[in-house]
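In: Would you be able to build a 3D model of this:
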Amino acid sequence: MNVPLVPAQERCLRFVYHMYGSDSMMGSLAVYFHSSNISKTLAFTKTGNQGNLWNQVEVDVPVLQNLQVNDLRIHQ
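Out: Okay, the predicted model is just below:
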């Protein structure tokens, strides 16, 4: 996934996730931010069973020039 550049201003990334099942089969979810002046920065991660429900997350997005949200990582 590759999202266009985001203007440099305060923002919040809001999403929901559902991670239910055995820890050995569930894997992990990670969200990273990246811009031209910083390396890839981990913003959120969860691993394993998080319960049989939808979890809502709000992550503050750093104010950076040329910010890109371009990685959604789901690992098993």
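
In: Could you use CA atoms for every contact and neighbour count after this?
Out: Will do.

In: what's the next secondary structure element after the longest strand along the chain?
Out: Counting residues, the longest strand found in the chain (DSSP state E) is strand 38-47. Counting by DSSP states H and E, the next helix or strand C-terminal to strand 38-47 is strand 55-61.

In: That following strand relative to strand 38-47, how many degrees between them?
Out: Per axes from the mean of the first three to the mean of the last three Cα atoms, to 10 degrees, the angle that strand 55-61 makes with strand 38-47 is 160 degrees.

In: give me every residue that touches the residue located most distally from the centre of the chain.
Out: Computed with Cα atoms, centre = their mean, the residue of the chain farthest from its C-alpha average is S22, at 21.8 Å. Under the criterion of Cα atoms under 8 Å, 6 or more residues apart in numbering, the contact list for S22 reads G48, N49.

In: how about a cut-off of 7 Å?
Out: Going by Cα atoms under 7 Å, 6 or more residues apart in numbering, S22 touches N49.

In: and the end-to-end length of stretch 32-40?
Out: Counting by Cα to Cα, to the nearest Å, you get 6 Å between the two ends of stretch 32-40.

In: For that stretch, which residues meet the burial criterion?
Out: Residues of stretch 32-40 classed as buried: Y32, F33, H34, S35, K40 (neighbour count, 16 or more other Cα atoms under 10 Å).

In: same deal with stretch 19-27?
Out: Residues M19, M26, G27 are the ones in stretch 19-27 that count as buried (16+ other Cα under 10 Å).
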